[in-house]
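**Student:** Sequence and predicted structure are below.
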Amino acid sequence: QVQLVESGGGLVQAGDSLRLSCAASGGTFSSYTMGWFRQAPGQEREYVASIDRSGRNTVYGDFVEGRFTVSRDNAKNTVYLQMNSLKHEDTAVYYCVATPYDLEDPEFDLGSWGQGTRVTVSS
């Protein structure tokens, strides 16, 4: 079972950038499709982005609108989420998730989740 640890969250101002990292251990990282989700206070979990095993293919939630980029470094067992032009409404706890399923149907609910990293964007 893969273990995931997110980092890189913090307090920033609207318009700033942040790069989140998610380090994996205990599994073969390159065999997992990886995803990012977020959950704001009082709201349901929201899909952010996902990336296939090779890193060549990505999918994003509708709200991203080109502001976020997901990438991975299989040599470092790490997936990243670069977030630019942050807005107050991006404030949330961000989670990464790993699944052994394909990007087309990742079944993230069945995956391994990290503990999350908090992002706060002041307006």
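**Tutor:** It's in.

**Student:** What count of nearby residues applies to Tyr80?
**Tutor:** Neighbourhood size, Tyr80 [other C-beta atoms under 10 Å]: 20. Any C-beta I mention is one placed from the backbone N, CA and C, and that applies to glycine too.

**Student:** Which strand or helix spans it?
**Tutor:** Element membership for Tyr80, per DSSP states H and E: strand 78-83.

**Student:** Each with direction, which strands does the next helix-or-strand element following that strand pair with?
**Tutor:** Counting by DSSP H and E, the next helix or strand C-terminal to strand 78-83 is strand 92-99. Using DSSP bridges, strand 92-99 pairs in its sheet with strand 33-39 (antiparallel), strand 112-113 (antiparallel), strand 117-122 (antiparallel).

**Student:** Please identify the buried residues of the last one?
**Tutor:** Same thing as strand 117-122. Neighbour counts over strand 117-122 (16 or more other C-beta atoms under 10 Å) mark Thr117, Val119, Val121 as buried.

**Student:** For the chain, give me the ranges with low pLDDT.
**Tutor:** Within the chain, no stretch has pLDDT under 70.

**Student:** center of it - which residue?
**Tutor:** In the chain, the residue lying closest to the centroid (C-alpha atoms, centre = their mean) is Trp36, at 2.6 Å.

**Student:** who's it bridged to?
**Tutor:** Beta-bridge partners for Trp36, by DSSP bridges, are Ala49, Cys96.

**Student:** cool, Ser21 as well?
**Tutor:** Going by DSSP bridges, Ser21 forms beta bridges with Ser7, Tyr80.

**Student:** From Trp36, how far off is it?
**Tutor:** Relative to Trp36, Ser21 is positioned 11 Å away (C-beta to C-beta, to the nearest Å).

**Student:** which residues are common contacts for those two?
**Tutor:** Common contacts of Ser21 and Trp36 (C-beta atoms under 8 Å, 6 or more residues apart in numbering): Val79.

**Student:** List the contacts of the closest residue to Ser123 other than its chain neighbours.
**Tutor:** With C-beta to C-beta, 6 or more residues apart in numbering as the criterion, Ser123 has its nearest non-adjacent residue at 4.0 Å, and that residue is His88. Neighbouring residues of His88 by C-beta under 8 Å, 6+ apart: Ala14, Val121, Ser122, Ser123.

**Student:** Okay then, goodbye and thanks.
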